[in-house]
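[1] pasting the structure only:
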């Protein structure tokens, strides 16, 4: 495989949730063979890679229930063509692990295969990252997500599609980029991944200067997000507070309740506006009375 430089066309880095949250540089630790949606004849022009797929993949695919997997046995199993077509020319995308305690979003280059254990958001602006990483979105996600062994299970239908973004997230580009870069520098300097960094972040005994600066920047991020929503009157009361996840450095319980109430009201107001515009069939409306557009164009998220 390594002797033939052509193989780089079909051997791709593969990112899973463990890499995303555990590696300091968030680099993929595995490689996969990816023939995209190519016809068999084109895939066979890469004999080294095809030999591996015929030997290890073909026998398994003949036993699966999904007809497409049996018929196109040389294709990567869940190739998500809509995702990769959309992000192909983007400079970066936002990614989050599907299951974690951390709920940390990050920017990564799009030129890799993303595991089913991650979610990819087709956004490259710092403003969208700022909103997703804010206490506003975290409170929403923890209200509507399920859990598994204490970890939050982030699902797009429950946590993202219904979430009402502020009208001008681009106003948050600077703070989003600043926060992401500061956190990246802390991870590299400490050689620790997102999980360990946020364990420090939420530990009241952690007084290191770099962690204190990251906390201060997160406070600033939340304050700027509040302004973007038009809610500059909010007193977020950041500090170490008791939560269902234990002691965390976050907004106060009363602030979290107010934020969630306002987000729900905003969602319902937008939904009513969309119904008035004829954008919804009331007979088909489903799920908690929440808007499924929530101020952004679908589809912007893919697994």
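    Received, thanks. Remember, it's a predicted structure, so these values are computed and weren't measured experimentally. Residues are numbered from 1 along each chain as shown.
[2] Which positions in stretch 180-187 come out as buried?
    Neighbour-count burial for stretch 180-187 flags 180, 182-183, 186-187 (criterion: 16 or more other C-beta atoms under 10 Å). Where C-beta positions appear, they are placed from N, C-alpha and C, glycine not excepted.
[3] what residue ranges in the protein score low on pLDDT?
    1-3, 282-303 (pLDDT under 70).
[4] The stretch 1-150 of the chain: strands as residue ranges?
    Applying DSSP state E, counting those that start in this stretch to the stretch 1-150 of the chain gives strands spanning 11-15, 30-33, 93-97, 99-100, 106-108, 113-114, 118-121, 146-148.
[5] Minimum distance to residue 266: which of those strands has it?
    Evaluated over the strands of the stretch 1-150 of the chain, closeness to residue 266 peaks at strand 118-121, with 20.0 Å, by C-beta to C-beta.
[6] If you count contacts, what does the closest one end up packed against?
    Where contact means 3 or more C-beta pairs under 8 Å, 6 or more residues apart in numbering; DSSP states H and E, strand 118-121 is packed against strand 93-97, strand 301-302.
[7] Mind doing that once more with 6 Å?
    Other elements packing on strand 118-121 under the criterion 3 or more C-beta pairs under 6 Å, 6 or more residues apart in numbering; DSSP states H and E are strand 93-97.
[8] which residues does the residue nearest the centre of the chain contact?
    What sits nearest the mean C-alpha location of the chain, by C-alpha atoms, centre = their mean, is residue 96, with 2.9 Å. For residue 96, the contacting residues are 105, 119, by C-beta atoms under 6 Å, 6 or more residues apart in numbering.
[9] Comparing the strands of the stretch 1-150 of the chain, which stretch has the densest surroundings?
    Sort the strands of the stretch 1-150 of the chain by mean neighbour count, taking mean count of other C-beta atoms under 10 Å, and strand 93-97 sits at the top with a mean of 25.
[10] Adjacent strands (with direction) for that strand?
    strand 106-108 (antiparallel), strand 118-121 (antiparallel) (DSSP bridges).
[11] Identify whichever of those lies nearest to residue 130.
    strand 106-108 (11.5 Å).
[12] ok, residue 108 - contacts?
    Residue 108 makes contact with residue 95 under the criterion C-beta under 6 Å, 6+ apart.
[13] And residue 37, how far from residue 64?
    Separation of residue 37 from residue 64 (C-beta to C-beta, to the nearest Å): 18 Å.
[14] That should have said residue 185, apologies.
    According to C-beta to C-beta, residue 185 stands 44 Å off from residue 64.
[15] Could you do residue 135 as well?
    For residue 135, the distance to residue 64 equals 42 Å [C-beta to C-beta].
[16] quick one, which of the two is more surrounded?
    The residue with more neighbours, out of residue 135 and residue 64, is residue 135; 21 against 12, by other C-beta atoms under 10 Å.
[17] show me where the stretch 51-200 of the chain has helices.
    In the stretch 51-200 of the chain, the helices defined using DSSP state H, counting those that start in this stretch lie at 58-61, 67-71, 81-87, 126-133, 135-144, 156-159, 173-190, 194-201.
[18] Of those, which is nearest residue 150?
    Closest among these, using C-beta to C-beta: helix 135-144, at 12.1 Å.
[19] what's the burial count for the residue lying closest to residue 192 once chain neighbours are set aside?
    The spatially closest residue to residue 192, leaving aside those adjacent along the chain, is residue 24, at 5.8 Å (C-beta to C-beta, 6 or more residues apart in numbering). Look at residue 24: counted by other C-beta under 10 Å, it has 17 neighbours.
[20] I figured residue 24 was touching residue 190, is that so?
    No - using C-beta atoms under 6 Å as the test, residue 24 is too far from residue 190 to be in contact (7.3 Å).
[21] Where do the strands of the stretch 201-303 of the chain begin and end?
    Ranges of strands in the stretch 201-303 of the chain, per DSSP E, counting those that start in this stretch, are 239-243, 246-250, 301-302.
[22] looking at those strands, which is closest to residue 45?
    For these, proximity to residue 45 was assessed by C-beta to C-beta; strand 301-302 is nearest, at 28.5 Å.
[23] Show me what the longest helix along the chain packs onto, helices and strands only.
    If you go by DSSP state H, the chain has its longest helix at helix 253-276. Under the contact criterion of 3+ C-beta pairs under 6 Å, 6+ apart, helix 253-276 touches helix 135-144.
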